[in-house]
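In: turn this into a structure:
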Amino acid sequence: MNDPASKSKGDISSSIAAFAVVGIGASAGGLEALERVLGSVPSDSGMAFVVVQHLDPDQPSAIVSLLQRVTPMMVFEARDGMAVRPNVVYVIPPNRDLSIENGLLLLLPLATPHAPRLPIDHFFRALANDRRENAVGIVLSGMGADGTLGLRSIKENGGFTLAQSPIEAAFDSMPRSAITAGVVDIVVPADKMVGEILACRSHVPLVDSGKVLKALETRESLGAIIALLSQRSRNDFTLYKTTTLYRRIERRVALHRMNSLGDYVSYLRDNPIEIDLLFKELLIGVTNFFRDATVWEAFKLKVLIPLLTNWSSDHPVRAWVPACSTGEEAYSLAMLFREALDAVMPKVRIGLQIYATDIDPDAIVRARQGIFPDTIATDVSPERLARFFVAEENGFRIATEIREMVTFAEQNIISDPPFTKIDILSCRNLLIYFSNELQKTLLPLFHFALNPDGTLILGSAEAIGGFASLFVPVDQKARLFRRVDHPVLRSQIGFPVRAFPARLLQPEDPAGKHGPEPLQVLMERLLLNNYCPAAVLVDGDGDILYISGRTGKYLEPAAGKANLNIHAMARDGLHQPLISAIKRALRQESPVILSGLTIASDKGTQTITVTIQRVDRHEATFDMALIVFTDVEHVSLPPKTSRKAARVQAKDALVAELTRTRADLEVTRAEMQSSLEDLKSANEEQQATNEELQSANEELTTSKEEMQSMNEELHSINAELQSKVSDLLSVNNDMNNLLNSTEIATVFLDNDMRVRRFTPHATQLFKLIPGDVGRPLSDITTDLHYKTLTEDAREVLRTLIFIERRISTFGGAWIKARIMPYRTHDNVIDGVVITFVDISEIKRLEDELREIKGEVSG
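Out: Next up, the predicted model:
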């Protein structure tokens with residue numbers, strides 16, 4: 001028998017991606033399912049299999065010999081450093097956790113004794129990181145939820161995931177947990193799994209995706225898929241990295257066993273539900289509590305504690321977590337904030353408001369619920385579990401204290417306005433999926449959203465790139481950056497809008513030519529270029545939007561950096577008049593006409609008339625003005641005109657020019673005074689709002705964006721409140737139905753022994769009516785021989801130890817009364833619960849038994 005560990009590391013590194021590694025997780029009732037899976041594997045499948053079971057750490061395991069009987073493949077118990085080879089089965093040994101790195105199996109000591117053991121999740125996560133698209137995960141019969149988080153990692157990294165059909169599983173908790181979480185690609189009986197894997201693997205292209213994407217047919221199909229996605233989901237995927245999109249689409253093609261992207265495009269058009277599934281495929285992300293623990297520790301020490309120590313505002317700390325998925329990162333931030341605040345200033349109550357957003361509405365719903373499987377114990381310490389979570393039957397619920405810090409909202413970071421005035425912005429492992437073009441837009445947007453000295457947190461594979469002037473590293477290794485107070489051009493920020501265009505990946509025109517120009521368009525172009533006056537269209541700041549005709553006589557490029565602003569390009573004689581004229585034209589309906597202006601040209605001086613007309617356009621979101629330049633022809637005097645008449649004419653011209661110059665001077669003075677007041681007001685407002693605006697025009701432009709962001713926040717809070725109201729109504733309905741349907745008489749009392757609620761059967765023992773809610777129980781008439789009921793209830797409230805007594809009624813019936821403390825959701829004592837069970841029949845039988853014993857003994 002050859003030892004599979006004998007293969008050298010050199011051989012491993014050269015063939016690590018050549019075959020798939022199938023991880024199989026099983027627990028209670030999983031042996032039979034394991035035998036059926038491995039019994040269906042052909043001896044030459046080309047895949048390796050690693051079996052991870054929940055084993056007794058103190059007992060030897062016979063699983064190797066049991067599995068060897070059902071498969072022609074060699075079965076080995078895993079050893080530390082053993083190389084993984086195809087067509088071999090490896091089994092986890094008892095009392096060890098199993099991992100894989102660079103194709104080698106690693107045995108690890110068990111975690112702390114008090115922490116729940118989740119070996120399947122542990123191995124699946126390592127398998128996903130090591131094998132990526134060549135990883136396959138299978139979850140079979142078992143109790144609990146082990147394997148769910150691991151399957152999520154495998155799927156996110158491009159591998160395939162399967163779960164045993166819950167109907168045939170001996171214990172369906174593990175497969176059902178994975179299916180409910182939406183991380184399973186295929187659900188089939190155990191003996192069908194290997195066939196499904198081989199079929200999917202046979203359809204995965206084995207060539208480099210970069211070469212495939214150069215093919216014209218592939219680009220056309222990919223463009224069609226993106227168009228269908230954009231139309232169905234109203235989200236633009238054109239700015240995602242093409243290779244990332246292709247890998248995810250490739251998985252769906254393999255799952256449907258199709259031979260080309262063209263076939264998949266046709267399938268999408270006929271099956272809109274598949275578009276929704278593909279949309280989910282593109283959004284799936286690995287997230288867990290306190291992911292990358294060293295990053296969180298660095299953030300706490302270098303950012304959070306200094307921030308809280310120096311915090312002097314009455315407002316809460318504001319944080320934004322885009323792409324929050326199901327909320328683990330947002331909740332981690334809230335828990336860390338509470339720990340840091342208790343450590344630094346335990347008596348000071350500084351609030352925290354986290355806005356956690358995601359494009360996936362289903363993920364937002366799950367995040368709002370705040371319910372997580374018990375497998376989170378591998379990521380959350382026992383101390384944090386006890387403090388920040390409430391244990392439930394199938395997992396943990398986030399504590400109310402932490403839940404109320406986070407507001408969840410559906411948001412597309414590409415097309416929706418950002419949140420503003422943010423102190424902490426955590427955007428980890430999102431930018432890596434976006435193109436460089438989109439990254440260059442989002443980083444200045446983050447700079448705009450953050451307050452001065454705000455903190456930006458990026459993922460381990462992300463960087464600020466060419467924006468070192470906007471952010472400086474606080475901890476480069478942890479990817480913590482501090483916002484620098486540096487001016488940013490509005491054009492760099494590129495505020496998102498909802499109507500984001502869907503740009504298709506169209507193939508280039510192979511000929512590089514277009515059709516002939518229509519005659520009408522040709523004629524209009526010739527007329528505009530040769531016979532119409534020169535004109536330019538500008539916005540309110542003077543930036544040129546469009547040029548018509550020959551404007552070189554009136555405008556010329558300014559020296560230095562390229563600048564298409566008319567105030568910088570206007571020739572001498574035009575600059576000063578245009579400043580005031582454009583402002584006047586934008587405020588009035590009628591055009592502003594500047595006559596008799598003289599400019600210097602290559603042929604001497606030229607007198608011109610300038611007309612500025614405001615442009616009204618309903619769909620425009622900014623001011624625009626049309627500036628038309630018209631030459632004035634010089635009128636030559638007749639030869640016989642006297643010199644005196646010529647002097648009079650020249651004098652009149654000088655007087656007219658002087659009058660116009662004085663008027664312009666007055667206008668300029670008024671404009672300067674107004675500008676000084678505007679600048680002073682803008683400076684005061686800038687200090688009050690901490691916004692990064694460089695001029696009054698920028699402030700007016702961005703105020704609309706800030707209002708829209710505030711509106712988004714209000715919508716988010718409203719949706720959060722609606723969700724809470726709906727949950728409360730549902731719980732209240734459940735409670736009412738339970739109380740009305742039970743046959744046990746129950747009375748709920750508050751701390752003052754007043755009636756809070758009672759079941760219908762309680763009215764048979766107490767003369768209770770709905771109007772008695774809020775009255776002391778001692779005021780209610782009862783049929784019970786129980787004078788110390790109120791005193792016993794107070795004793796239970798004091799000692800928290802239940803009291804149980806047998807008492808009789810005036811009608812001769814016997815009742816067992818049980819008094820217990822009333823515990824709230826947060827384990828706070830808030831009254832008592834008293835139950836009354838009719839034991840008359842039991843009492844009668846006891847009396848008869850006692851009589852029989854007496855007769856026998858007599």
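
In: going forward, measure contacts and count neighbours with C-alpha atoms only.
Out: Fine.

In: can you give me every residue that contacts the residue nearest the centre of the chain?
Out: Closest to where the C-alpha atoms of the chain average out (CA atoms, centre = their mean) is Ala323, at 1.8 Å. Going by CA atoms under 8 Å, 6 or more residues apart in numbering, Ala323 touches Ala356, Thr357, Asp358, Ile359, Cys427, Leu430.

In: please apply the same query to Leu229.
Out: With contact taken as CA under 8 Å, 6+ apart, Leu229 is in contact with Asn235, Asp236, Phe237, Ile275, Phe279.

In: re earlier: list buried residues within the contacts of Ala323.
Out: Using 16 or more other CA atoms under 10 Å as the burial test, the contacts of Ala323 include Ala356, Thr357, Asp358, Ile359, Cys427, Leu430 as buried.

In: where in this structure is the helix or strand with the lowest mean pLDDT?
Out: helix 9-15 (a mean of 42; mean pLDDT, DSSP states H and E).

In: of the contacts of Leu229, just say which sits nearest to Thr611.
Out: Thr611 has its nearest neighbour among the contacts of Leu229 in Asp236, at 42.5 Å by CA to CA.

In: re earlier: strands - which of the contacts of Ala323 land there?
Out: Secondary structure from DSSP state E places Ala356, Thr357, Asp358, Cys427 of the contacts of Ala323 in strands.

In: and the second one, how far from Leu282?
Out: Right, the one you point to is Thr357. The spacing between Thr357 and Leu282, counted by CA to CA, to the nearest Å, is 17 Å.

In: what's the answer for the first one, then?
Out: Noted for Ala356: a distance of 19 Å to Leu282, by CA to CA.

In: grab the nearest non-local neighbour of Lys302.
Out: Sequence neighbours aside, Val474 is the residue nearest to Lys302 in space, at 7.4 Å (criterion: CA to CA, 6 or more residues apart in numbering).

In: could you look up the SS state of Ser595?
Out: Put simply, Ser595 is strand when judged by DSSP: H, G, I helix; E, B strand; the rest coil.

In: pretty sure it contacts Ile608?
Out: Yes: here Ser595 reaches Ile608: they are 6.7 Å apart, a contact under CA atoms under 8 Å.

In: which one's more surrounded, these two?
Out: Set Ser595 next to Ile608 and count neighbours by other CA atoms under 10 Å: Ile608 wins out with 19 against 15.

In: what's the model's confidence in stretch 595-607, averaged?
Out: Stretch 595-607 shows a mean pLDDT of 77.

In: quick one: residues in contact with that stretch.
Out: With CA under 8 Å, 6+ apart as the test, stretch 595-607 has contacts from 553-554, 571-574, 608-610, 631-634, 657.

In: how far does it stretch from one end to the other?
Out: One end of stretch 595-607 to the other measures 8 Å (CA to CA).

In: quick one on the thing from earlier: next step: the contacts of Leu229 restricted to helices.
Out: Using DSSP state H, Ile275, Phe279 are the members of those that sit in helices.

In: contacts only, for Phe76.
Out: If you count contacts by CA under 8 Å, 6+ apart, then Phe76 has Val64, Val88, Val89, Tyr90, Val91 around it.

In: ignore the last one, Lys421
Out: With CA under 8 Å, 6+ apart as the criterion, the residues that contact Lys421 are Arg318, Ala449, Leu450, Asn451, Asn690.

In: in helices only, show me the residues you listed.
Out: Using DSSP H, Ala449 are the members of the contacts of Lys421 that sit in helices.

In: picking that back up, common neighbours of Ser595 and Ile608, please.
Out: Residues touching both Ser595 and Ile608 (CA under 8 Å, 6+ apart): none.

In: ok so, going back, would you list the contacts of Lys421 in JSON lines and tack on neighbour count and pLDDT?
Out: What follows is the contacts of Lys421, written out as JSON lines (neighbours: other CA atoms under 10 Å; pLDDT from 0 to 100):
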{"residue": "Arg318", "neighbour count": "20", "pLDDT": "92"}
{"residue": "Ala449", "neighbour count": "23", "pLDDT": "87"}
{"residue": "Leu450", "neighbour count": "27", "pLDDT": "91"}
{"residue": "Asn451", "neighbour count": "22", "pLDDT": "90"}
{"residue": "Asn690", "neighbour count": "12", "pLDDT": "49"}
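
In: am I right that the residue nearest to the centre of the chain sits in a strand?
Out: No: going by three-state DSSP, the assignment for Ala323 is coil, not a strand.
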